[in-house]
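Trainee: Predicted coordinates and the sequence they were generated for:
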Amino acid sequence: MKKETRLISMDEIISKEIDWLWHPYIPFGKVTILQGDPGEGKTSFALALMALLTTGSPLPQHNLARKPINVIFQTAEDGLADTIKPRLESYGADCSRVLVIDEAESGLTLSDERLEDAVVRSNARLVVLDPIQAYLGSGVDMHRANEVRPLFKQLCSMAERTGCAVILIGHMNKDRGGKALYRGLGSIDFSAAVRSILVVGRSREEPSLRIAAHAKSNLAPEGKSIAFELGENCTFNWHGYCDTTVDELLSGTASVQTKTAQMEQELRKILVNPMPAHEVYKHAKSLGISERTLKTAKSNLRVKSFKLKGQWMWCLAS
C-alpha cells in the first residue's frame, strides 16, 4: 500500500527570531565558514574569538559581557599541546571550557553522531572544525555536489536541533580573479549551504595587520570588516572596524586604517611623557574617537595608569 504524502501547512509553523553568537557574523543553530589563504590568520582569529567566548568577555565592537560558553574545537593541522593550547593561554581563554573529541580510534566527520552527542553532553554553544576537508570522510570528493550536500545537510540539521553555532575553517582556491563565494576549496555547495561566510586576509601595507571581511550573510545585512593584528610570540590584538571590502582583500589591495590604530598612533605621540587621563580622553574626543576605542588602544599598547597628586595619569609601558 502506497504511503500517503504528509503535507505541512505554513500556518502550523511557529515563527522565531534568529539568535546570534556574534551579530551579524555568526548565528546560533547555523553553519558559518571562515576561509582564507594558508597562513593568513584564520585559526588565530577563531582561537581569539574562543578566548572571548569562554571568558564571557565582550566580542569585538560589542559592549556587553555575556555568560561564558563551552566550545568544541577539532583540528587536523595543528598540535594541541605545542600550538593550540599555548595560543589559547596567550589569548586569555578559559581552557577548561575548550573541549576536544578524541579521534585516536576513528577520525571525525561532518556527519558523525559523536558531534551531536558531544554538543549535548557538554552544552557547547560553538563547534569549530579546522579545516573543512579533513572532516569530509574518506571517499568523499569535495568537488562533487552530490557527495558534499548530504554531509552538509546532516551538519546543518545537527546545528539546528542543538542550537549550536558551527564554524568550518577552509582554505581558498587559486582563482584570484573570482568572487568570494567561488574562492573556497571544493564544490560551490559549501558556500551555498552555509548562512554566513567570513574571509580573512592581510593588509597590503602592514602584513601583521589582518582583516576579516563578511562575504555572505543570509540572515542579516553584512557586517563591517574587522581588523586584528598578529604580532610576534603569538600576540593577538583586536583593532575594530575598518572600511576594507572583501573584494579589496581578495585582490591584495587591502589597506587598513582603523580608529583603534589611529588612536594607538596618537597615544605613542602624546604619551612621550605622562599625561593626565582626562586630557587623553579630551584629545580622543576631539578626534572623533569613542571612549571604548580609546580603551582598546590603551590595552593594546599596555598603557599604564597611576595616581599623582590626586589625579590619574597615563604613560607608555617602558
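Mentor: Perfect, thanks for sending it.

Trainee: Phi and psi next, for residue 27.
Mentor: phi -90, psi 150 (degrees, to the nearest 10).

Trainee: Quick check: beta-bridge partners of it?
Mentor: Beta-bridge pairing for residue 27 (DSSP bridges): residue 20.

Trainee: Next, the buried residues of the helix or strand where residue 86 lies.
Mentor: Using DSSP states H and E, residue 86 sits in helix 85-90. For helix 85-90, a neighbour-count test (16 or more other CB atoms under 10 Å) marks 87, 88, 90 as buried. All C-beta atoms are positioned from the backbone trio N, CA, C, and that covers glycine.

Trainee: Now do the helix or strand just after it: which elements does it pack against?
Mentor: Going down the chain from helix 85-90, the next helix or strand is strand 98-99, by DSSP H and E. Packing partners of strand 98-99 (3 or more CB pairs under 8 Å, 6 or more residues apart in numbering; DSSP states H and E): strand 70-75.

Trainee: Pull up the pairing partners for the strand it packs on, direction included.
Mentor: strand 98-99 (parallel), strand 124-130 (parallel).

Trainee: Now do the shortest one: everything it contacts.
Mentor: Looking back up the chat, that one is strand 98-99. With contact meaning CB atoms under 8 Å, 6 or more residues apart in numbering, strand 98-99 is reached by 50, 54, 70, 71, 72, 73, 88, 118, 122, 124.

Trainee: most surrounded residue in the residues you listed?
Mentor: Using other CB atoms under 10 Å as the neighbour criterion, residue 71 leads the contacts of strand 98-99 with 28 neighbours.

Trainee: Name the nearest residue to that one, sequence neighbours excluded.
Mentor: Closest residue to residue 71 apart from its sequence neighbours, by CB to CB, 6 or more residues apart in numbering: residue 126 at 4.6 Å.

Trainee: Could I get the full set of helices for the stretch 1-150 of the chain?
Mentor: 42-55, 85-90, 113-122, 145-162 (DSSP state H, counting those that start in this stretch).

Trainee: returning to that earlier point: what about the strands paired with strand 70-75, which gets the closest to residue 33?
Mentor: Across these, residue 33 has its closest neighbour in strand 124-130 (10.4 Å, CB to CB).

Trainee: what is the rounded mean pLDDT of that closest one?
Mentor: Regarding strand 124-130, the rounded mean pLDDT is 97.

Trainee: what's the angle from that strand to helix 42-55?
Mentor: 170 degrees (axes from the mean of the first three to the mean of the last three CA atoms, to 10 degrees).

Trainee: I would like the C-alpha coordinates for strand 124-130, written out in CSV, please.
Mentor: Output of strand 124-130 as CSV, limited to C-alpha atoms (Å, rounded to 0.1, in the frame of the first residue of the first chain):
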residue,chain,number,x,y,z
ALA,A,124,28.7,23.5,23.9
ARG,A,125,27.4,26.6,22.1
LEU,A,126,30.1,26.6,19.4
VAL,A,127,31.8,23.9,17.3
VAL,A,128,34.9,24.7,15.3
LEU,A,129,36.2,22.3,12.7
ASP,A,130,39.6,23.1,11.2
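
Trainee: lowest confidence element among the helices and strands of this structure?
Mentor: helix 189-193 (a mean of 77; mean pLDDT, DSSP states H and E).

Trainee: And the next helix or strand past that one?
Mentor: strand 196-202.

Trainee: tell me what that following strand is packed against?
Mentor: Strand 196-202 packs on strand 31-36, strand 209-217, helix 246-251, going by 3+ CB pairs under 8 Å, 6+ apart.

Trainee: any chance of the ones you listed in TSV, plus distance to residue 63?
Mentor: Listed next are these as TSV, based on distance: least, CB to CB, whole Å:
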stretch	distance to residue 63
strand 31-36	22
strand 209-217	19
helix 246-251	26
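
Trainee: Residue 230 and residue 208 touch, don't they?
Mentor: Yes: contact criterion CB atoms under 8 Å: residue 230 and residue 208 qualify, at 5.7 Å.

Trainee: Between these two, which is the more surrounded one?
Mentor: Using other CB under 10 Å as the criterion, residue 230 and residue 208 rank with residue 230 on top: 19 against 14.

Trainee: ok, residue 262 touching residue 289?
Mentor: Yes: proximity of residue 262 to residue 289 meets the contact threshold set by CB under 8 Å, at 6.9 Å.
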